[in-house]
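**Student:** got a predicted structure here, sequence first:
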Amino acid sequence: MSHTAAELEQAVREIAEEMRARTDRGTVADYIPELAQVDARQFGLVVIDAEGRVAAGGDADTPFSIQSISKVFTLTLALGMVGDRLWRRVGREPSGSPFNSIVQLERERGIPRNPFINAGAIAVTDVILSGHQPREALGEILRFLQFLAQDPSIVIDEAVAASEQRTGFRNAALANYMKSFGVLDNPVVYTLGVYFHHCAIAMSCRQLAAAGRFLAHSGVNPATGLSVISAERARRINAIMLTCGHYDGSGDFAYRVGLPGKSGVGGGILAVAPGKASIAVWSPGLDAAGNSHLGRIALEALTRRMGWSIFGV
């Protein structure tokens, strides 16, 4: 189903207005002190289609903490470094458990279920860190996002990173548990430092939608014409986003929205309509599974209006 630029802009504008008027906003992630201060009334939505046309609504240019959305980009980097050897350290299956659960790690001898739960993302971060100093590894992740978005102004929110380090006891437990099974190669404190900082990268919906375009276009960033990853790898990352991108709410997201997507507890969601568009939405209030409440509702409305569900119109 094809749509004109005007139809897309109208849909985005109307959905943003509808979401901003709603009073059911979810709850901000108050277990990270810096995120607890974010105004839950904010809402942003940006869609960049295959032709590079941008439709934006609401707080589209307000930076927010991308949190677990960074895991899409660290997965892409790690696969580029070690290829399919990565899957010896982390699985590709939905967890069915909270994103910071330690229970499965004990049953499965320190191998995280997938790269998007916290344990899995810590293992992926350890791969990127190997052979580098923490500052170098973090710089590589940040430069990769700046390159994808064609925007050197993207930065790490140091206040959020410090807030996570002060309160990240569960993540420290996950990392130490994996270290005991030999899943992590580097000192736990270094791996966690890089992990906390890449989750604290701040981006706007406009920047995030731009950074995700390569996943919507078979690994090629249409803004530059450069191949970021192979078409096969882009397809596989999208598959993991569909099945694992929303923690134990992934099945419901696939059922309602029908797109590969990755959420973060900062309230952002990056969604991919293959061959059609890259989409970023942000609303800080979360549902019980830790995913943006209004973000999911907005994406469901968008895919219904545009006929973009991968399962059919």
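**Tutor:** In hand now; what should we look at?
**Student:** quick one: low-confidence parts of the protein?
**Tutor:** 1-2, 98-99 (pLDDT under 70).
**Student:** domain ranges for the protein, per the record?
**Tutor:** Taking automatic domain parsing as the reference, the chain has its domains at 5-64+203-306, 68-201.
**Student:** endpoint to endpoint, the shortest one covers what distance?
**Tutor:** Counting by CA to CA, to the nearest Å, the length from the leading to the trailing residue of domain 68-201 is 10 Å.
**Student:** what does the longest one give?
**Tutor:** Start to finish, the residues bounding domain 5-64+203-306 are 12 Å apart (CA to CA).
**Student:** from the chain's centroid, how far away is it?
**Tutor:** 9 Å (CA atoms, centre = their mean, to the nearest Å).
**Student:** ok, the nearest residue to Leu35 once chain neighbours are set aside to His293 distance?
**Tutor:** Spatial nearest neighbour of Leu35, excluding adjacent residues (CB to CB, 6 or more residues apart in numbering): Ala29 at 4.4 Å. Just so you know, the C-beta spots here come from the backbone N, C-alpha and C atoms, and that holds for glycine as well. Here Ala29 is placed at a distance of 12 Å from His293 (CB to CB, to the nearest Å).
**Student:** determine the residues that are contacts of both of these two.
**Tutor:** Shared contacts of Ala29 and His293 (CB atoms under 8 Å, 6 or more residues apart in numbering): Leu286.
**Student:** I'd like the domains of the chain laid out as a markdown table, including mean neighbour count and distance to Gly312.
**Tutor:** Formatted as a markdown table, these follow (neighbours: other CB atoms under 10 Å; distance: least, CB to CB, whole Å):
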| stretch | mean neighbour count | distance to Gly312 |
| --- | --- | --- |
| domain 5-64+203-306 | 21 | 8 |
| domain 68-201 | 19 | 22 |
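**Student:** strands of this protein, start to end?
**Tutor:** For the chain, the strands defined by DSSP state E cover 44-49, 54-58, 64-65, 155-156, 201-203, 220-221, 226-227, 261-263, 268-273, 277-282.
**Student:** now distance to Pro94 too, for those, in TSV please.
**Tutor:** Converted to TSV, the strands of the chain look like this (distance: least, CB to CB, whole Å):
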stretch	distance to Pro94
strand 44-49	26
strand 54-58	31
strand 64-65	24
strand 155-156	29
strand 201-203	25
strand 220-221	28
strand 226-227	29
strand 261-263	13
strand 268-273	17
strand 277-282	22
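**Student:** no further queries at this time; thank you.
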